[in-house]
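*Asks:* Based on what follows, work out the 3D shape:
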Amino acid sequence: PGPSLNGVTTTASTTPRSGYRPTTVEPGGIEAIPPERRHGSPWQLLSTWSAPNFEFATVFVGMIAVAYFGLDFPQAIAAIVLGTLLGGITQGVLSTWGPREGLAQLVLGRTAFGLRGNAVPAALQTVMAGLGWCATNSVSGTLALNALTGMPPVIALLIIVVIEVAVAFVGHDLVQVFERYASIVLGVIFLIATISVLVKANLSAPVDSKVPLFAGFTLTVSAAFGYAAGWNPYAADYTRYLPKATSRMKIALAAGLGNFVSCAVLMAGGAAAALITFGSNPTASYVHGMPPIVRDLSLVAIAVGAVAANALNIYSGSMAFLAAGVKIPFALRRALIALGFGVIGFFIALAAVLNGGFAALYEDFLLIIAYWIAPWLGVVFADRWLRRGTSISAFIPASARYRNPAGLISFLIAMVVSIWLFSNQTLLLGIIPAAAPAIGDLTPEIGFLLAAVLYFVCFTVFKPEVGGPLSAEPDVVVGVDAGDAQQ
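*Replies:* A predicted model of the protein is given here:
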């Protein structure tokens, strides 16, 4: 038994109380998880946030640090560690927010944006996670299967997508079980692969680069942060089932370390691999020169890692879609949305495979993610601080008339200004990098700080409602999912 909470004794059980087995399709959508369905251990988050990073997309961030941004190995490691550390810290903090109300991450954002305003970040997350990341990781898994077996890319892609959609369709408990076992297998394989690459590479080799050092460093930090922080809008989705009394420190450590360590290690392997060779097929370049058994195991791990990552992307993408306030009356609405995202993601990934320009597209995609997530983080962190010690239950239901223009105004201004001034990528070059290329890319840093400052100011101006004392908050927030009223 755990500590008493509002007179109720809680139990941090690792056995589901919901009556559902991991293979039973999770019902409903984004409704709050009641106390009787809470289960799990905070340490499961080590696996939850390690397994999805054990994939080639993570490795590729390290590769572009050397091949595109012109850093040598020590410089690349410094930038990678800084970027992933920042993303790991924010992941840990956000993960602690889930157990209190049992709500998903984008649902919690309703306090900062209001119900209607929250539709904007929810829509962005839907596109980025349910479609963008789904397609990106499916491509890397497809290239791995193709390199390993020689099967046609379309068949390889179909295999990857069917498995990842099946896991996400079933829901939370199966996702957690899959990540737990995948983290062990993938962790061992990628550790062996990373050691193999580090031993073969000349880590002190100079890099012939036309990119100024500071520019390459900031571009790498932004890319590494964009990847690690790409999981931030998912964080509470995988802690909302934990008992309310679960240690916040354990949650933060497990989620933050799982994200940081897995990202940093695989990106380091990618940076070393780029010193050996870097060709038109990044996956083949990564395994080039590995002993045959390590090479084949690495290709298998890349394919499985794509499934581990996309199980979360599709699951949380469906949650973000519902968090926008969309009314879907079906009892299995989340599962059906996940299925739809899988189908759409398949065709997007197929177009990318047939196009062949995956490397350049992926670089831009990483930076775009950081461009919107950083201002979103600035807003939600500022809002959480201003509401510390107060209840949010009155502002979360789909029927609530709560409005908070401060969030959307701060978010949009910070995102537009930071991109306009500082963005540095193929599709969009900001004013400052165009005039001073040596500055690289400071868009995420500026976006975060500007959004936080603007929100503090706008909060004072608009004076949105603040709830009563946290001690008076109900055990379950009702009416969160817009589809609940139609069941």
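*Asks:* Quickly find the element holding the residue nearest to residue 86 when sequence neighbours are not counted.
*Replies:* Closest residue in space to residue 86, ignoring its immediate chain neighbours: residue 225 at 5.3 Å, by CB to CB, 6 or more residues apart in numbering. C-beta coordinates here come from the backbone N, C-alpha and C atoms, glycine included. Element membership for residue 225, per DSSP states H and E: helix 213-228.
*Asks:* quick one: contacts for the closest residue to residue 52 other than its chain neighbours?
*Replies:* Leaving out its chain neighbours, the residue that sits closest to residue 52 by CB to CB, 6+ apart is residue 309, at 4.0 Å. Residues near residue 309 by CB atoms under 8 Å, 6 or more residues apart in numbering: 51-53, 55, 57, 133, 137.
*Asks:* again, but for residue 431
*Replies:* 420-421 are the contacts of residue 431 under CB under 8 Å, 6+ apart.
*Asks:* I'd like to know how far residue 135 sits from residue 446.
*Replies:* 28 Å (CB to CB, to the nearest Å).
*Asks:* actually residue 205, sorry about that
*Replies:* For residue 205 relative to residue 446 (CB to CB), the value is 33 Å.
*Asks:* Give me the more crowded residue out of these two.
*Replies:* residue 446 (21 against 12; other CB atoms under 10 Å).
*Asks:* tell me the contacts of residue 26?
*Replies:* 20, 170-173, 334-335.
*Asks:* now, which of the contacts of residue 309 lie within helices?
*Replies:* Mapping these onto helices (DSSP state H) picks out 57, 137.
*Asks:* between the contacts of residue 309, which is nearest residue 69?
*Replies:* The closest of those to residue 69 turns out to be residue 57 (CB to CB; 16.7 Å).
*Asks:* Can you give me every residue that contacts that closest one?
*Replies:* By CB under 8 Å, 6+ apart, the contact set of residue 57 is 136-137, 140, 227, 306, 309, 362.
*Asks:* The stretch 1-150 of the chain: helices as residue ranges?
*Replies:* Assigned by DSSP state H, counting those that start in this stretch, the helices in the stretch 1-150 of the chain fall at 44-48, 56-67, 73-95, 98-101, 105-108, 110-117, 119-125, 134-149.
*Asks:* Between helix 56-67 and the last one, find me the angle.
*Replies:* Taking axes from the mean of the first three to the mean of the last three CA atoms, to 10 degrees, helix 134-149 and helix 56-67 form an angle of 90 degrees between their directions.
*Asks:* what's the next secondary structure element after helix 134-149?
*Replies:* The first helix or strand that comes after helix 134-149 along the chain, using DSSP H and E, is helix 153-170.
*Asks:* quick one, that next one and helix 134-149 angle?
*Replies:* Using the same axes, to 10 degrees: helix 153-170 against helix 134-149 is 130 degrees.
*Asks:* For helix 153-170, buried residues please.
*Replies:* Across helix 153-170, burial judged by 16 or more other CB atoms under 10 Å covers 153, 156-161, 163-170.
*Asks:* gap between the residue positioned nearest the centre of the chain and residue 80?
*Replies:* With distances taken as CA atoms, centre = their mean, residue 231 lies nearest the centre of the chain, 1.6 Å away. Computed as CB to CB, the residue 231 to residue 80 distance reads 16 Å.
*Asks:* now swap in residue 337 and tell me
*Replies:* Distance from residue 337 to residue 80, by CB to CB: 34 Å.
*Asks:* swap in residue 381?
*Replies:* Separation of residue 381 from residue 80 (CB to CB) stands at 23 Å.
*Asks:* Looking at these two now, which is surrounded by more residues?
*Replies:* residue 80 (29 against 18).
*Asks:* Am I right that the more buried one is in contact with residue 268?
*Replies:* Yes. Look at residue 80 against residue 268 with CB atoms under 8 Å: they come within range, at 6.5 Å.
*Asks:* joint contacts of these two?
*Replies:* By CB under 8 Å, 6+ apart, the residues touching both residue 80 and residue 268 are residue 62.
*Asks:* if we can go back for a sec, nearest to residue 467, of the buried residues of helix 153-170?
*Replies:* residue 168 (33.2 Å).
*Asks:* Reformat the contacts of residue 309 as TSV; add pLDDT and distance to residue 403.
*Replies:* Formatted as TSV, those follow (pLDDT from 0 to 100; distance: CB to CB, whole Å):
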residue	pLDDT	distance to residue 403
51	96	39
52	94	35
53	95	37
55	87	40
57	82	38
133	80	31
137	84	37
